[in-house]
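Peer 1: my questions concern the predicted model and sequence given below.
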Amino acid sequence: MEIKELWEELIFELGSMESNSKNKNILIGSGNKKADILFIGDDSDLYIDEELRVKADSSGEFLFKLCDIVEMLPEDYYITTLTKTSLKYKEYFENDQKILKELLEMQIALINPKIVVALGAITASLLLGREVEFLKEKGKVLKWIGNTKVLITYDPNFAKKSRESSGKNSPVAVEFWNDLKVIKTYIEQN
């Protein structure tokens, strides 16, 4: 099967899930499908289309602005969510969660990034298949599958809200910013 057909299969499988039967707004992801960096979150506001467009004042806009400041170019990354819909992962039935994980693994294999960025503890736990000691593991490049690495960081919406309530020097926002710099440095060195 060719890569394009596999992407179409992925979209078909998502559309045929029982939990998605009434949800016609499936968006597989956004950005460069051959990117070195793959951001994965559980927030439907990370993107609104495949062209890296976002809603004004959204978590996606916050993330993309910081990527620009760090000089991470749009062609360097792809972004997706756990569910590819407006629903959160925890809103799915357990059986559908297993299917979502399998489809996510397929999507990761199709992109074959150098580094996967887990945006938040839920995403990190799902990817690593274990409970994550978030504050201990956050910001570190972790060995994962094959040559692909994982970096765990905050959910952009959490970092954005923290910055809005505590200002530019919010510890969460500063750590999130520093994690993006770690990603940029890792990609430059590998």
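Peer 2: That came through fine.
Peer 1: what about the residue nearest to residue 17 when sequence neighbours are not counted, how many neighbours?
Peer 2: Excluding the flanking residues, the one nearest residue 17 by Cβ to Cβ, 6 or more residues apart in numbering is residue 96, at 5.5 Å. (C-beta placed from N, C-alpha, C; glycine too.) The tally of other residues near residue 96 (other Cβ atoms under 10 Å) stands at 17.
Peer 1: burial of residue 74, as a residue count?
Peer 2: 16.
Peer 1: was I right to think it contacts residue 37?
Peer 2: No - using Cβ atoms under 8 Å, residue 74 is not in contact with residue 37; the gap is 10.5 Å.
Peer 1: show me what the host helix or strand of residue 123 is packed up against.
Peer 2: If you go by DSSP states H and E, residue 123 is part of helix 121-128. Packing partners of helix 121-128 (3 or more Cβ pairs under 8 Å, 6 or more residues apart in numbering; DSSP states H and E): strand 37-41, helix 94-111, strand 115-119, helix 134-137, strand 149-153.
Peer 1: lowest average confidence across those, which one?
Peer 2: Among the helices and strands packed on helix 121-128, helix 94-111 carries the lowest mean pLDDT, at a mean of 91.
Peer 1: pull out the buried positions in it.
Peer 2: 96-97, 99-100, 103-104, 107-108, 111 (16 or more other Cβ atoms under 10 Å).
Peer 1: the helix holding residue 123 - what's its average pLDDT?
Peer 2: For helix 121-128, mean pLDDT rounds to 95.
Peer 1: so it versus strand 149-153, what angle?
Peer 2: 160 degrees (axes from the mean of the first three to the mean of the last three Cα atoms, to 10 degrees).
Peer 1: mind listing what's buried in helix 121-128?
Peer 2: If you call a residue buried by 16+ other Cβ under 10 Å, then helix 121-128 has these buried ones: 121-124, 126-127.
Peer 1: ok, those vs residue 6, which is closest?
Peer 2: Distances from residue 6 to these, taken as Cβ to Cβ, are shortest for residue 127 (19.8 Å).
Peer 1: what residues are up against the closest one?
Peer 2: Residue 127 makes contacts with 40, 104, 116, 118, 144, 150, as judged by Cβ atoms under 8 Å, 6 or more residues apart in numbering.
Peer 1: let's have those residues in a markdown table, adding distance to residue 68.
Peer 2: Shown next, in a markdown table, are the contacts of residue 127 (distance: Cβ to Cβ, whole Å):
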| residue | distance to residue 68 |
| --- | --- |
| 40 | 20 |
| 104 | 26 |
| 116 | 21 |
| 118 | 21 |
| 144 | 27 |
| 150 | 23 |
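Peer 1: which of those residues tops the neighbour count?
Peer 2: residue 118 (28 neighbours).
Peer 1: that residue contacts residue 149, correct?
Peer 2: No - with contact taken as Cβ under 8 Å, residue 118 and residue 149 are classed as non-touching, separated by 10.9 Å.
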